[in-house]
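In: My questions are about this predicted structure, shown below with the sequence.
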Amino acid sequence: MKKAFKNGIHPFEGKEFSKDVPIKKVNADTEMVYPLSQHIGAPATAIVQVGDNVLKGQKIAQADGFVSAPVYSSVSGTVKAIEERLVTNGNKVMSIVIANDGEDKTVDSFGADRNVDSLSADEIMNIIKESGIVGLGGAGFPTGVKLSPKNPKNIDTIIINGAECEPYLTSDYRLMIEKADEIVKGVIAVLKLFDAAKAVIAIEKNKPDAIKLFEEKTAGADRITVDALRTRYPQGGERQLIYAVTGRKINSKMLPADVGCIVVNAASCYAIYEAVYKNMPLIHKVMTVTGEGANSPCNLDVPLGISHSAVLEAAGGAKDDVVKFISGGPMMGIAMGSLDVPVVKTSSSILAFTKDDVAALPQSNCIHCGKCITACPQILVPQMMAKSVKSDNFERFEKLGGMECIECGCCTYVCPAKIPLTQLFKLGKVKVRELNK
């Protein structure tokens, strides 16, 4: 490790619940729902109609624009509807609904081996773009776009994000332990796109067995190294990761490519392996089901389009006294009002909690203790930013660096007054964007 980012926090990890449970495959449900917007950028456009028969691995929606990604069916069956359906954040999104016939009939050549050595860089890039792969660490930025910087010759470092710094989540960890060879092959495929680049597989030190495994798998590889990163949240944040590995800094107006870097999540590398080596588009992913309220914390390989309620049932269900379900990690995830929403490309977990720490503690006035300042990995002044948002002074919020907030939740976590600082900053950023239109 070259450097460590400044500040950050050490929340309760909670990874012991599920980290030692091997990945178990979950079968598809009778009805599968595929939202057309599962990524940053323009929603995909449906290319099937109600009544059409579809196959597993068939493209059902095509990318609509440069920053977009296609959607594929994870089952064979019949298109039942194309209509708005509820998604994790509580919004309704146009979605393709498929009645699963249970036969798992696939498109031709699905899962067939490819000779990657015979593929050109352009062919590999085309495969990645066409396979619907996006950032599986949560952001959902189309991977094909990320791997197409303006000046590819300037890229010297490909960082593989294996930090998984969010508490409780262990899906990336299990994938790294169980599919290390495949992930390394995915990294090799990415390196074929950048002649001048080397890859760094970055893993937090709280995963020593994963670090050792990848060191063994990459021994002798002249373009791949492994970095053991300090365990500190949010180590997996793109800006923090780039700084920790290379010492280079970026801000909200920059892309990683501006400092010669590209960051790819470990799970995305596995998806790249499946697309490039096995002719399989992105139709499934590994999720963690865990928390004090989960009956059997585990990691599940689930087909995209299945409902969260079906995933929870496959994991053994939840305890009767669960008061909150969260999609994603406890720091940056979303509280779920319903589990009857589909798993999408960016779904990473279902966390079940028997107490709500946010609702249980009443807010009080800011006492200017400065804990939020010492926790902020962006070196901002959250207490002053919050005051600006509360007084509708969004110009001052922007001048204080509010747009640099990465919404990691560190300030909210340490605030003794229990002020929802991160939520205030999300609002402030929306207002600034509206004013700057």
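Out: That came through, no problem.

In: Could you list the low-pLDDT ranges of this protein?
Out: 1-3, 358-361 (pLDDT under 70).

In: Using PDB, write out every CA atom in stretch 92-99.
Out: Coordinates of each C-alpha in stretch 92-99 appear next as PDB, following Å, rounded to 0.1, in the frame of the first residue of the first chain:
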ATOM      1  CA  LYS A  92     -41.700   3.300 -10.300                       C
ATOM      2  CA  VAL A  93     -39.600   2.400 -13.300                       C
ATOM      3  CA  MET A  94     -40.700   1.000 -16.700                       C
ATOM      4  CA  SER A  95     -40.000  -2.700 -16.600                       C
ATOM      5  CA  ILE A  96     -40.300  -5.900 -18.600                       C
ATOM      6  CA  VAL A  97     -42.200  -8.600 -16.800                       C
ATOM      7  CA  ILE A  98     -41.500 -12.200 -17.900                       C
ATOM      8  CA  ALA A  99     -43.400 -15.300 -16.900                       C
END
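
In: so what secondary structure elements neighbour the lengthiest helix in the chain?
Out: Looking across the chain with DSSP state H, the single longest helix is helix 421-435. Applying 3 or more C-beta pairs under 8 Å, 6 or more residues apart in numbering; DSSP states H and E, we find helix 421-435 packed against helix 382-390, helix 394-399, helix 410-414. The way it works is simple: take the backbone N, C-alpha and C, and place the C-beta from them, glycine included.

In: Hmm, Met331 and Pro11 touching each other?
Out: Yes - between Pro11 and Met331 there is a contact under C-beta atoms under 8 Å: 6.9 Å.

In: Now the common contact residues for those two.
Out: Both Pro11 and Met331 are in contact with 167, 233, 413, where contact means C-beta atoms under 8 Å, 6 or more residues apart in numbering.

In: one step back: comparing Pro11 and Met331, which residue is more hemmed in?
Out: Met331 (22 against 19; other C-beta atoms under 10 Å).

In: Report the contact partners of the more buried one.
Out: By C-beta under 8 Å, 6+ apart, the neighbours of Met331 are 11, 166-167, 233-234, 408-410, 413.

In: Check whether it sits in a helix, strand or coil.
Out: When classified by DSSP: H, G, I helix; E, B strand; the rest coil, Met331 comes out as coil.

In: The stretch 201-350 of the chain: helices as residue ranges?
Out: 208-217, 238-246, 266-278, 308-314 (DSSP state H, counting those that start in this stretch).

In: Just the buried residues of the third one, please?
Out: Buried residues in helix 266-278, counting neighbours by 16 or more other C-beta atoms under 10 Å, are found at 266-277.

In: Repeat that for the last one.
Out: Of the residues in helix 308-314, those scored as buried under the neighbour-count criterion (16+ other C-beta under 10 Å) are 308-312, 314.

In: neighbours around Gly333, how many?
Out: With other C-beta under 10 Å as criterion, Gly333 counts 22.

In: That one contacts Ile326, doesn't it?
Out: Yes - here Gly333 lies in contact with Ile326, judged by C-beta under 8 Å, at a distance of 4.3 Å.

In: Let me know whether Phe66 touches Gly144 as I believe.
Out: No - assessed by C-beta under 8 Å, Phe66 is found out of contact with Gly144, at 9.5 Å.

In: Have a look at these two and say which one is more surrounded.
Out: Between Phe66 and Gly144, counting by other C-beta under 10 Å, Gly144 is the more crowded of the two (23 against 11).

In: wait, is that one part of a helix?
Out: Yes - under three-state DSSP, Gly144 sits within a helix.

In: ok, now which ones touch it?
Out: Contact analysis of Gly144 by C-beta under 8 Å, 6+ apart lists 69, 125, 128-130, 133.

In: So which of these belong to helices?
Out: Those of these lying in helices (DSSP H): 125, 128-130.

In: Next one: Ser131 relative to Val343, how far apart?
Out: 18 Å (C-beta to C-beta, to the nearest Å).

In: neighbour count winner among these two?
Out: Each of Ser131 and Val343 has its neighbours counted (other C-beta under 10 Å); Val343 has more, 29 against 24.
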